[in-house]
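need coordinates for the following:
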Amino acid sequence: MEEVASNSAMKRPAGTCAYWLQKRKRFCRTKPLDDQDFCESHVAKASTEISYDAVNDCNNYSIVESVNDSTECQDELSTSIVTHAKSAETNSGVLGRPDALPNQCHFWIQRKMRYCKARVSREQPYCVEHSINSGSEANRVRMSCPIDPKHSCYADQLERHLKRCNARIELRPVYFSEGINSGELNNESPEDLQIRIHDIDVAELNSIIDIVKTLHLENVEIKDSMLSHAVVQPEIDKPSNGTVAQKHLHQQSSLIGNLESLGLLKDHCNYIEFGAGKGGLSHWVQLANKSNVNTKYLLVERSSVRYKKDCFHRGENQGPNFERLKIDIENLDLSKVDSLGSNTWPLVGTGKHLCGAATDMMLRCLCSGVSGQATDRHCGVDGLLVALCCHHRCNWKTFVGKDWFIEHGLGPRQFSLVTSMSAWATCGMKHVAATKDELHTMKLDAQNVKEEITDKDKNHISYNHPRYGSLLPEEREDIGFKCKQLIDRGRMHYLMTHGYDVNLIYYVDRALTLENTALVAVFNKSTH
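Got it, this is the predicted structure:
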């Protein structure tokens, strides 16, 4: 009550915004708009939030004992809110909203607190997607496009739209084959495919953890291969590069160093980068392999990207041009890519932090129908290197290591739990204390606990935690890394069955990135 009383006595300085900053316990100091009480930043919030003056008006009334007794306070509060909302009214006549820009759609997106950014035509107030809000278009029906439901069209112009739609099938490239790399399911239970840690009890969780530890001990071996390449070093030494840029440069340097140590930087070769983004990895691969001029570089990326590295490879002395394949890896059929069919050079696949299921799609894309030797339409894959990440985003349908998991007694249910636990490796849980609800529900076993719980123990969320049992955060982090590596072991098995010598490596220190593991494979020609 003392805090409310002291706030009530505070007066807004003249010429300042009427919006109360609760965190700083003061009014906004920005100059308000002409003939209004709020500044440009807070005028939009006036219609949805109660101003400080309105709250004070209600605080001046005595505490009520029942709903009926509060009628007078409610009426006064409502009047104050309406008064302040009217002061925020703009020239457009809509409470709390600025005027739309010229040629901008007038549809207000409440969730984003702004107008639609689409441009309008023929002096219409709304874009085509929101024209149904216009009186002249009220009788016309819009429907989702049957080709791509992400956009819509008028029902009475559907036939015309299908001929012009940018997503129409005839615009898809020849190498598009829907779902070719997505894998398949075999009547697995939807419940097993979607189960997560919070859906099971601690006993089942501990059982899965024991299996993970045993399989990891018997089947997983990771080598240190933290290399570098001289071509990247001048860029690393530049003081103008920030922390993030330095981190990526060190990773790219090590990956290229490993490519060189595997003998995969060579002449007469096609290099294809999956999930290329700006093409940074391919950029440095080309510079490291500059002396070998008979090479091609293909970059697979499903979205448009700005500031691409392609611009550094367009000049006469800048090496071969980069060819971009704008397609989802899920739908890419390499055997139909014309630039690969025009030569008999082998292929080397690369990827840097290819997220979750995209790694499995990449491996299936490279190995599907590939024997490691050049054929009439498809180049053999001599090797690959991919920096791994985001194992929690893997799924059973796309996973290429199903056979290995099933062989070791792990089905889709166990796989879903393993992917869920893999997030423990990178989620930073050890820095997060237990919530009040979790601490409240923790029950101590009197027979096992012989001394008082310390603050450190509480921060570790130990002693029969409702979800994790007695596991400490450090233990969960270690289990998370084991789960990630077990998933990678299944991928290794898949590549081995296709004739590759495969290894998991640590390519950079964990202090640089927690996702410091890479999968490397070289085709063993002696076995085929």
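
the stretch 1-150 of the chain: helices as residue ranges?
2-8, 52-59, 71-87 (DSSP state H, counting those that start in this stretch).

how about the strands in the stretch 201-350 of the chain?
Using DSSP state E, counting those that start in this stretch, the strands of the stretch 201-350 of the chain run over residues 222-224, 269-274, 295-300, 322-325, 347-355.

list the helices and strands the shortest one packs on?
Helices and strands in packing contact with strand 222-224 are listed as strand 500-506; criterion 3 or more Cβ pairs under 8 Å, 6 or more residues apart in numbering; DSSP states H and E. In this view, the C-beta of every residue, glycine as well, is placed from N, C-alpha and C.

again, only using 10 Å
When contacts are defined as 3 or more Cβ pairs under 10 Å, 6 or more residues apart in numbering; DSSP states H and E, strand 222-224 packs onto helix 473-496, strand 500-506, strand 517-523.

can I get these in CSV including mean pLDDT, mean neighbour count and distance to Asp34?
Below are the helices and strands packed on strand 222-224 laid out as CSV (pLDDT from 0 to 100; neighbours: other Cβ atoms under 10 Å; distance: least, Cβ to Cβ, whole Å):
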stretch, mean pLDDT, mean neighbour count, distance to Asp34
helix 473-496, 94, 21, 55
strand 500-506, 96, 19, 62
strand 517-523, 95, 23, 60
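
compile those into a markdown table and extend it with columns for distance to Asn270.
Formatted as a markdown table, these follow (distance: least, Cβ to Cβ, whole Å):
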| stretch | distance to Asn270 |
| --- | --- |
| helix 473-496 | 19 |
| strand 500-506 | 17 |
| strand 517-523 | 14 |
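
nearest to Phe399, of these?
For those, proximity to Phe399 was assessed by Cβ to Cβ; helix 473-496 is nearest, at 6.8 Å.

before we move on, the earlier item: out of the strands of the stretch 201-350 of the chain, nearest to Cys483?
strand 222-224 (13.9 Å).

what residues does the closest one touch?
When contacts are defined by Cβ atoms under 10 Å, 6 or more residues apart in numbering, strand 222-224 is touched by residues 481, 485, 488, 503-507, 509, 516-518, 520.

for the residues you listed, which one is nearest Asn395?
Distances from Asn395 to the contacts of strand 222-224, taken by Cβ to Cβ, are shortest for Asp488, at 15.4 Å.

verify the stated contact: the closest one with Ala387.
No - the pair Asp488 / Ala387 is not scored as a contact, 11.5 Å apart, by Cβ atoms under 10 Å.

can you report how many residues lie near Asn258?
Residues lying near Asn258 (other Cβ atoms under 10 Å) number 22.

touching, it and Met226? I think so.
Yes - look at Asn258 against Met226 with Cβ under 10 Å: they come within range, at 9.2 Å.

which residues are common contacts for those two?
Ile505, Tyr507.

got any ranges where the stretch 351-500 of the chain has weak pLDDT?
Counting by pLDDT under 70, the stretch 351-500 of the chain has low-confidence residues at 369-379, 428-467.

can you show me the helices along it?
For the stretch 351-500 of the chain, helices defined by DSSP H, counting those that start in this stretch occupy the ranges 357-367, 402-407, 412-421, 436-441, 455-459, 473-496.

as JSON lines, those with distance to Asp310 would be great.
Output for the helices of the stretch 351-500 of the chain, formatted as JSON lines (distance: least, Cβ to Cβ, whole Å):
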{"stretch": "helix 357-367", "distance to Asp310": "21"}
{"stretch": "helix 402-407", "distance to Asp310": "37"}
{"stretch": "helix 412-421", "distance to Asp310": "34"}
{"stretch": "helix 436-441", "distance to Asp310": "50"}
{"stretch": "helix 455-459", "distance to Asp310": "49"}
{"stretch": "helix 473-496", "distance to Asp310": "30"}
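
relative to Leu21, which of these is closest?
helix 436-441 (27.1 Å).

mind listing what the residue nearest the centre of the chain touches?
Nearest to the mean C-alpha position of the chain, by Cα atoms, centre = their mean, lies Cys355 at 8.2 Å. Contacts for Cys355 (Cβ under 10 Å, 6+ apart) come out as Gly275, Leu388, Cys389, Cys390, His391, His392, Arg393, Cys394, Glu515.
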